[in-house]
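Q: Predicted structure and sequence below. I'll ask about it afterward.
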Amino acid sequence: MIEHLNKETFQQKVFNWEANKEWKFEGDLPCIIDFYADWCQPCKMVAPILEELSEEYQGKVNIFKVNTETEQELAAVFGIRSIPSMLFVPVNEKPQMATGALPKESLKQAMSDVLGVA
């Protein structure tokens, strides 16, 4: 199940940049954050893939979406310049950003390499 985040829920579940200068992950499970916009064609291509992955990896990885049109401050904090952009957030390491519409196999590879999820 993919959850849409706003600034408040992002700070509770991922990272509160107003309270912490250094990266401090607030979640229990590694996660992927998809920064997207409704008008973005490549974002629409990635959406069903993320839905599939959220079911396949349920209980192992959380998948969140952030609408860059409505959450401009959040997009600015992470320097989002192009969409789709995906932030891969492991539990104990710094997150890594990927841009562009990645195919399912590339997403699964990143989940394995960056998030340590098989």
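A: Sure thing, it's come through. Keep in mind that what you see is a predicted model, and the values were worked out from it rather than measured.
Q: Is the residue nearest to the spatial centre of the chain bridged to anything, and to what?
A: In the chain, the centroid-proximal residue (CA atoms, centre = their mean) is residue 33; its distance is 0.9 Å. In this entry, residue 33 is beta-bridged to residue 64, residue 87, by DSSP bridges.
Q: so what's it up against?
A: 5, 10, 14, 64-66, 86-87, 89 (CB atoms under 8 Å, 6 or more residues apart in numbering). (C-beta placed from N, C-alpha, C; glycine too.)
Q: swap the cut-off to 6 Å and go again
A: By CB atoms under 6 Å, 6 or more residues apart in numbering, residue 33 lies in contact with 64, 66, 87.
Q: And it, how close does it get to residue 93?
A: From residue 33 across to residue 93, the span is 15 Å (CB to CB, to the nearest Å).
Q: Same check on residue 71?
A: As judged by CB to CB, residue 71 and residue 93 stand 24 Å apart.
Q: between the two, who's got more neighbours?
A: Neighbours per residue, other CB atoms under 10 Å: of residue 71 and residue 93, the larger number sits with residue 71, 19 against 14.
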